[in-house]
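1. kindly return the folded structure for what I paste below:
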Amino acid sequence: MKTKILLFILIVSIFISLVVTTTGCTKNQNDTNSVTTEKETSSLPKKTIAELDSMYEKACEYEKNAKFKSAIILFRELRKYDYYDKDFGSYGLDEALETRESRYLCESIAVQFVSSAIRTLKNQLKDPNSLVIYSIWFSEDNGLMVLKFDYGAKNSFGGMVRDSYTWKSSWGLSEEQKQKVYSAHKDFMDSRGYTKEDAMAIVAGNHHIGYESQYAAIVAGTYDY
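-> Below is the predicted model of the structure:
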């Protein structure tokens, strides 16, 4: 009988010891995770709401002036602070940033074609420096970019004349660009039976170059992508 009691006490003791050890390990692990999170948060420079708002406005200004590379750098920085993206309020924070990045990808590709077309157009003008772009229509034709410009420029008499100009690229997207566009818009493209070979149609239809300030930046060559 005594042997059974001693055996029971031994088993209970071992069980209690295991519980305490496991609980201690869990607590230490939680403490480690907490410290890691605090370190990650504390590594960011402290910023006030006003400073973050100013960063957001600056990023939007970059976008309006076709400085897509500079804009996305700021939007990525704002995401680190869990800053609410006012333009994409219906999205989660990660989804909002992903949406901006996929959009800027199309814009950065589109602006390269626009820039080339503008250089060609300028070469045909009496006064290239007088060029003003009012609007541009984007379309795709068998993997090539087609742009139709509504523009104004000075004639030989110095008067401003409004006219239209259509330009078609002599090259398509590189394999790397096609893959990037497909990866960024995969769900949309797959749902419509598109392959990466249809990437130019996505670029033509999903860019957001439309501000006069963006046109002016491209004409002046002050954009970045």
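
2. nearest residue to the middle of this structure?
-> The centroid of the chain falls nearest to Glu101 when counting by C-alpha atoms, centre = their mean (1.3 Å).

3. for that one, helix, strand, or coil?
-> When the structure is reduced to helix, strand and coil (DSSP: H, G, I helix; E, B strand; the rest coil), Glu101 reads as helix.

4. now the strands for the chain?
-> Listed in chain order, the strands of the chain (DSSP state E) span 132-141, 144-154, 160-168.

5. what are the ranges of the helices in the chain?
-> Ranges of helices within the chain are 2-42, 49-64, 68-80, 93-122, 175-184, 186-191, 199-206, 212-220, based on DSSP state H.

6. quick revisit: redo the strands of the chain as a markdown table? Include distance to Ala66, mean neighbour count and mean pLDDT.
-> The way it works is simple: take the backbone N, C-alpha and C, and place the C-beta from them, glycine included. Listed next are the strands of the chain as a markdown table, based on distance: least, C-beta to C-beta, whole Å; neighbours: other C-beta atoms under 10 Å; pLDDT from 0 to 100:
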| stretch | distance to Ala66 | mean neighbour count | mean pLDDT |
| --- | --- | --- | --- |
| strand 132-141 | 12 | 16 | 96 |
| strand 144-154 | 15 | 18 | 97 |
| strand 160-168 | 18 | 13 | 97 |
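
7. redo those as TSV? Include distance to Tyr215.
-> Formatted as TSV, the strands of the chain follow (distance: least, C-beta to C-beta, whole Å):
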stretch	distance to Tyr215
strand 132-141	4
strand 144-154	9
strand 160-168	13
